[in-house]
Structure formats: structure tokens, C-alpha cells
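Q: starting from these lines, generate the structure:
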Amino acid sequence: MRRLVTGVNATGEAVFQCDDESPHRLQMGNFEMGETWFDPAPVISDGTADLAETKLGSVPEPGEVLVRYVVFPPQAEMDAMLQRNDMQESDLQENDLQENAAAGVSDKFHVEEDNPGMHTTETIDYGFVLEGSLVLELDNGAKRVLNQGDTYIQNGTRHAWHNETDKPAVIGVVMLGAKRT
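A: Next up is the predicted model:
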């Protein structure tokens, strides 16, 4: 996933700070998740501090914002990976944080071991299907298909993603750390 970050230089002029591939990614087979930007507070920055580096696989705290992309392989491949639960250090890309090799993702992700793929986060997620088609399943079994160009708002509910096609699907998501009422 390409990432373009703007900022302001010392003279107050708008500049491009980054034009690169997201350097912070976690990969397991053809499943990939990457953090492209992180802000600890809703403040406009100069675009020079790359705070996403320490947030790989994490969940933002209340008031924090994390921009992530996820590549979902076809469901049969994803199911096999989840059953093996084989997140190994050797599966991680060269630029990944070594501390995430054992943990995979934050314990705040609330991934259910007895129901692979079902999870909950304390976030409001604003997402976009960038490529392919995905099924969003809720805890009561209700499902909806999202296609390329569709958006979703995930309000901290228990859910799972399924790629029921034979091609990868890609989402982009802005995760806002939130508190439950």
C-alpha cells in the first residue's frame, strides 16, 4: 500500500514528507495488515514523526487515530491460516517490529480463539473497500456483502470478515479509539 504524507517545512510551506510503501506491516501467508499513520491526538502535525512504527497490530486508545489497510486472501486460505495460528517470526516482513512476532496483534483486539475471525475492538472504524468483495458478519449471524467502493462504519461491535471470492480483497480503515457508554 502506497502512503503519501504531507507536512509543513521550517518556512511554513506545504511539502511531501513521505512517498513510500507502508513500512509497518504484518504478513501471514497472503493476509496482510499494515499501519500507514498514527496520531495520538487530533492535532495537525508537520508530518515528520512516523508514529505508526510502534502501532503494528494495535488498537488505538480513546482519542487516538490509526489508519490501517488489510488484505484478505480468499476464505479457504484464511481459514487454514487461522486454524494453524502459525504466526511465526519468519512470516513477518523485514520491516516489521520483532516484538510483534510472538504476539501477532494487540490483546485489545479481542480475537476469539473458539470462533476464528470473530473479534471486537474498542473503536469506531470508518472503512472503505478498495478492491474485491467482503462479507461482514455480526455476532447474531447477520451478514452483508461489501463491494469495491462501498464504505462501512463499525461501531465497536463483535464481527468477522469473510472473503468468499477466489481473489484477494483490500480494505482501508480509519480507526478511532473510543469508550463504550
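Q: now residue 126, nearest residue through space, not along the chain?
A: The shortest distance from residue 126 to any non-neighbouring residue, by Cβ to Cβ, 6 or more residues apart in numbering, is to residue 174 (4.7 Å). (Each C-beta comes from the backbone N, C-alpha and C, glycine too.)
Q: quick one: residues contacting that neighbour.
A: Neighbour list for residue 174: 65-67, 125-127 [criterion: Cβ atoms under 8 Å, 6 or more residues apart in numbering].
Q: and the buried ones among those residues, selectable in ChimeraX?
A: To isolate the buried subset of the contacts of residue 174 in ChimeraX, counting by 16 or more other Cβ atoms under 10 Å, use the following:
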select :65,66,67,125,127
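Q: thinking again about what came up before, helix, strand, or coil at the residue nearest to residue 126?
A: Three-state call for residue 174 (DSSP: H, G, I helix; E, B strand; the rest coil): strand.
Q: ok, residue 118 touching residue 162?
A: No: using Cβ atoms under 8 Å, residue 118 is not in contact with residue 162, being 10.6 Å away.
Q: and for those two, which residues touch both?
A: Taking Cβ under 8 Å, 6+ apart as the criterion, residue 118 and residue 162 both touch residue 137.
Q: from residue 14, how far out is the spatially most central residue of the chain?
A: Centroid-nearest residue in the chain, with Cα atoms, centre = their mean: residue 68, separated by 3.8 Å. Computed as Cβ to Cβ, to the nearest Å, the residue 68 to residue 14 distance reads 25 Å.
Q: any chance you could map the strands in the chain?
A: Applying DSSP state E to the chain gives strands spanning 2-8, 14-21, 24-28, 31-39, 65-72, 123-131, 133-138, 143-147, 151-155, 159-162, 169-177.
Q: now those strands in CSV, with mean pLDDT?
A: Below are those laid out as CSV (pLDDT from 0 to 100):
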stretch, mean pLDDT
strand 2-8, 80
strand 14-21, 83
strand 24-28, 82
strand 31-39, 85
strand 65-72, 92
strand 123-131, 94
strand 133-138, 93
strand 143-147, 94
strand 151-155, 91
strand 159-162, 90
strand 169-177, 95
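Q: for residue 79, find the nearest of those.
A: Of all those, strand 159-162 sits nearest to residue 79, with 9.1 Å by Cβ to Cβ.
Q: what about the longest helix along the chain, average pLDDT?
A: Longest helix of the chain, by residue count under DSSP state H: helix 75-84. What helix 75-84 shows for mean pLDDT is 76.
Q: what's the answer for stretch 42-51, then?
A: Mean pLDDT, computed over stretch 42-51, is 78.
Q: pull the residues that contact it.
A: Contacts for stretch 42-51 (Cβ under 8 Å, 6+ apart): 5-8, 15, 17-18, 23, 37-40, 63, 65.
Q: do me a favour and get the end-to-end distance for it?
A: Using Cα to Cα, to the nearest Å, the end-to-end distance of stretch 42-51 comes out at 14 Å.
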